[in-house]
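[1] have a look at this prediction, sequence included:
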Amino acid sequence: MRLESLNSILKLKGWKKDQIETEISSIQRVINDHEERLRIMENELALHLYEFRDRNKSDVLRPDLLRSFHAYMEGMNERMGR
């Protein structure tokens with residue numbers, strides 16, 4: 001094989017490596033964004049569960065509170081599905 005051919009192959013290999021590293025960085029950013037979104041949603045859910053439990057300690061279990069909590073949980077399920 002000629003030296004020029006070997007140099008061309010090495011350049012292509014380097015470009016491919018750079019391309020793969022760029023793709024990995026992009027995928028890692030997406031993963032980080034999803035993890036942050038999940039953390040926010042988990043914190044929000046924990047807060048709402050705490051509030052719901054706290055209300056149920058002081059109030060009689062009211063149907064409107066149950067409907068509200070159910071609607072909230074459906075909304076969270078939809079958000080998590082996105």
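    Yep, that arrived.
[2] mind checking pLDDT for residue 47?
    Per-residue pLDDT puts residue 47 at 87.
[3] which helix or strand contains it?
    helix 3-58 (DSSP states H and E).
[4] quick check: next helix or strand after that helix?
    Past helix 3-58, the next helix or strand by DSSP H and E is helix 63-81.
[5] pull the distance from that following helix to the chain's centre.
    Remark: helix 63-81 is offset 20 Å from the chain centroid, using Cα atoms, centre = their mean, to the nearest Å.
[6] stretch 4-13 too?
    When C-alpha coordinates are averaged (Cα atoms, centre = their mean), stretch 4-13 and its chain have centres 40 Å apart.
[7] just the buried residues of the lowest-mean-pLDDT helix or strand in the chain, please?
    Confidence across the helices and strands of the chain bottoms out at helix 63-81, with a mean of 80, counting by mean pLDDT, DSSP states H and E. Using 16 or more other Cβ atoms under 10 Å as the test for burial, helix 63-81 gives residue 69. C-beta: built from backbone N, CA, C; applies to glycine.
[8] relative to helix 3-58, how tilted is it?
    Here the directions of helix 63-81 and helix 3-58 differ by 180 degrees (axes from the mean of the first three to the mean of the last three Cα atoms, to 10 degrees).
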